[in-house]
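Chemist: Give me a model of this one.
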Amino acid sequence: MVFGFIRPEVFSGLLEELQGLASEIRGRGFFSTVIFIFFNNLKAALAAMVLGPLLGVVPALQASLNGALIGVVIREASESAGLLAIMLGLLPHGLFEIPAMLISWGTGIWLGMWPFKKDNLRFRQRVRMAAGIMLRFVVPLLAAAALIEGVLISALKGG
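Modeler: Model (predicted):
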C-alpha cells in the first residue's frame, strides 16, 4: 500500500483498469451492480486458489498488486475527498473483501507449497480443503462486500 501511495505512477495501468470497471458499473442498477462486483471478486479469489499450485506465485503477486492499488486509490482520493469519504469507501473492502482475498491468497499459497510440506495430505485432499474454505468463508465474505458496495454505489448515484 505504501509503495502505491508513494509511487502511484508505477501502477497507472492498474488504475486505468479499475476506472474501466467503475465505468462498467455506472449504468447498472443495484442488483446488477452487486452481482457484477460479486462475480468480479469471486473470479479473482478463484484465480488465486486455482493458480496457487504454481508455487504460490500468482496469489502472492495478486496480494502485492492489490495492496499497491489500494495505496494508489487512497492517494488519488485524498486529493479530492476527505478522510471520512475515503474510510467509507474502504469499509466494505476492509471488513469483508480484503479478508476474503487474504484467505483465498493464503489458501492458494498453501496449495502451492504442497510439494514442500512434510505432512500426509495428498494434493487432492488439499484441493478439497481449499474448496471447503472457499465455500464456507470466501464466498459469504465476498457476497457481503458486494452487497455493501452496491448500497454505497447506489447511495452515491442518488438512488
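
Chemist: Phe3 and Ala48, how far apart?
Modeler: Using Cβ to Cβ, to the nearest Å, Phe3 is found at 20 Å from Ala48. Glycine gets a C-beta too; all of them are placed from N, C-alpha and C.

Chemist: ok, those two, which is more surrounded?
Modeler: Under the criterion of other Cβ atoms under 10 Å, the comparison of Phe3 against Ala48 puts Ala48 first, with 30 against 14.

Chemist: What residues sit buried inside the helix or strand harbouring Ile98?
Modeler: Taking DSSP states H and E as the definition, one finds Ile98 inside helix 98-112. Going by neighbour count (16 or more other Cβ atoms under 10 Å), the buried part of helix 98-112 is 98-112.

Chemist: pLDDT wise, what is Ala146 at?
Modeler: Among the per-residue scores, Ala146 shows a pLDDT of 93.

Chemist: How many neighbouring residues does it have?
Modeler: There are 23 residues near Ala146, going by other Cβ under 10 Å.

Chemist: Thought Ser32 was touching it, still the case?
Modeler: No: taking contacts as Cβ atoms under 8 Å, Ala146 lies outside contact range of Ser32: 11.2 Å.

Chemist: Give the other helices and strands that the helix holding Ile98 contacts.
Modeler: Helix 98-112 sits against helix 30-51, helix 57-78, helix 123-133, helix 139-157, with contacts defined as 3 or more Cβ pairs under 8 Å, 6 or more residues apart in numbering; DSSP states H and E.

Chemist: And the first one, what does it pack against?
Modeler: The criterion is 3+ Cβ pairs under 8 Å, 6+ apart, and the helices and strands that helix 30-51 contacts are helix 12-26, helix 57-78, helix 98-112, helix 139-157.

Chemist: pLDDT below threshold where in the chain?
Modeler: Low-confidence segments of the chain (pLDDT under 70): 55, 158-159.
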